[in-house]
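Trainee: attaching a predicted model along with its sequence, questions to come.
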Amino acid sequence: KLAAGVSDGGHERSTAAWLFQNTITLTQAGLENKLEVVGLFFQYIHMLRTEGPQEWVFDEVAAVKEIEFKFQEEEEADDYVVRLALRMHQFNPPDILCGEYLLKEWDPKLITQMLELIGPESVRVDLLTSSFCEEDAASLPPTETEPWFDVPFTREVLPDHLLHSWRSPVQVDPLLRLPPRNEYIPRNLSLRAHDTP
């Protein structure tokens, strides 16, 4: 087993770029095969491109986001105002309250365009670990120090053949597939009186 978990960090937007973050928590075997894990990530992206956008996935995500919107937990007023102010740069005025929750339009063309942007030429792979030892250090590029937090790090340029294999995988691992449909997403959350059959 190479990974102990996968999560996305959503996206971040600035005047310079949009960033999409995906985090893979590696097991020890995954750490030892870190480039293979990245290769599997790109195989999955390739599989998504090949199968094309699936409307049922959109519908499931939209249903869950609608539930999140309807049943939001109360938050501090100042935090709420800051969050709304940040949304003013992302959404039209009528959508500021609900824009990040309510997915209104199925747009397979946009999904396809976004998938095309996820490739080895536009990715930065960060490996965060405390398990490097002295033997590892000998095979790594020289260590640099991050100036603000005084943290050591190394930078490495990945070889072209590896980037090419990630961009155009020869095959996709047959274990990589979309999850099954989630039949447990509620579609009707209206309240019923006790005497209603």
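Mentor: Yep, it's here.

Trainee: what comes into contact with stretch 114-128?
Mentor: Residues outside stretch 114-128 that contact it (Cβ atoms under 8 Å, 6 or more residues apart in numbering): 20, 34, 38, 42, 45, 48-49, 158, 162-163, 166-167. (Each C-beta comes from the backbone N, C-alpha and C, glycine too.)

Trainee: now, of the residues you listed, which are buried?
Mentor: 38, 42, 45, 48, 163, 166 (16 or more other Cβ atoms under 10 Å).

Trainee: let me know the closest of those to residue 112.
Mentor: Set against residue 112, the nearest of the buried ones among the contacts of stretch 114-128 by Cβ to Cβ is residue 48 (9.5 Å).

Trainee: got the contact list for the closest one?
Mentor: Residue 48 touches 115, 178, counting by Cβ under 8 Å, 6+ apart.

Trainee: just the one 4 residues further on next, same as before
Mentor: With contact set as Cβ under 8 Å, 6+ apart, residue 52 has these partners: 108, 112.

Trainee: mind running it again at 10 Å?
Mentor: 108, 111-112, 115 (Cβ atoms under 10 Å, 6 or more residues apart in numbering).

Trainee: pick out the most distant pair among the buried ones among the contacts of stretch 114-128.
Mentor: Greatest spatial distance among the buried ones among the contacts of stretch 114-128 (Cβ to Cβ): 48 and 163, at 19.0 Å.

Trainee: tell me the helix or strand right after the helix or strand of the chain with the lowest mean pLDDT.
Mentor: Least confident helix or strand of the chain, by mean pLDDT, DSSP states H and E, is helix 134-139 with a mean of 61. Sequence order places strand 144-145 as the next helix or strand after helix 134-139, per DSSP states H and E.

Trainee: can you redo the contacts of stretch 114-128 as CSV with pLDDT, secondary structure and distance to residue 86?
Mentor: CSV is the format used below for these (pLDDT from 0 to 100; DSSP: H, G, I helix; E, B strand; the rest coil; distance: Cβ to Cβ, whole Å):
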residue, pLDDT, secondary structure, distance to residue 86
20, 83, strand, 18
34, 90, helix, 34
38, 93, helix, 31
42, 95, helix, 32
45, 95, helix, 29
48, 95, helix, 29
49, 95, helix, 31
158, 88, coil, 34
162, 92, helix, 38
163, 93, helix, 35
166, 94, helix, 34
167, 93, helix, 34
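
Trainee: before we move on, back to that, which of the contacts of residue 52 tops the neighbour count?
Mentor: Taking other Cβ atoms under 10 Å as the neighbour criterion, residue 111 ranks highest of these with 18 neighbours.
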